[in-house]
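# take a look and give me a structure for this.
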Amino acid sequence: MASHVLAQLAGFSVQTEPVVDVEEVAYIVKELWRGRSGRDQASRDLGRGMWRSVNSLTLTRWDRSKPASVTNLILLKFKEAEEHENMTLEEIKIREPVFYAMVTNVLKRAASDFGVQF
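The predicted structure is shown next:
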């Protein structure tokens, strides 16, 4: 917060993204993605190992042009996240229509659960 005030006093323009709080992160990881990479949703068993397995996962924005939010974050393995960031949504939609539709449906569910527009 102090750095934001100092930047404003110095005349710098500061743009910040909305902050996703801890409860939203837990919802995204546990409820939306079931502790698994968005690319590994076929497996159904979670068990106690879910929280150990999230060490190799990261949240990344589905649509890079939009800020991080419950309706724009996908859980991926680090390498998958790097690959995702090098592709456009249009490329994903064309190359992987089933994956694109699945993620879109999951994020629409999040929008519905939080009462926000998708």
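# now the helix of greatest length in the chain: mean pLDDT?
Across the chain, the longest stretch assigned as helix under DSSP state H is helix 97-114. Model confidence over helix 97-114 averages 96 on the pLDDT scale.
# can you check stretch 75-92 too?
Confidence for stretch 75-92, expressed as mean pLDDT, is 96.
# quick one: distance of that stretch to the chain centre.
Chain-centre distance of stretch 75-92: 11 Å, with Cα atoms, centre = their mean, to the nearest Å.
# so which residues make contact with it?
28-29, 32-33, 35-39, 54, 56-60, 62-64, 74, 99-100 (Cβ atoms under 8 Å, 6 or more residues apart in numbering). Every C-beta, even on glycine, is put in place using the N, C-alpha and C of the backbone.
# OK, contacts around the one residue sitting closest to the centre of the chain?
Centroid-nearest residue in the chain: Leu73, 1.4 Å away (criterion: Cα atoms, centre = their mean). Taking Cβ under 8 Å, 6+ apart, we find Leu73 in contact with 20, 28, 59-62.
# ok, 6 Å please
By Cβ atoms under 6 Å, 6 or more residues apart in numbering, Leu73 lies in contact with 28, 59.
# that one and Ala10, how far apart?
32 Å (Cβ to Cβ, to the nearest Å).
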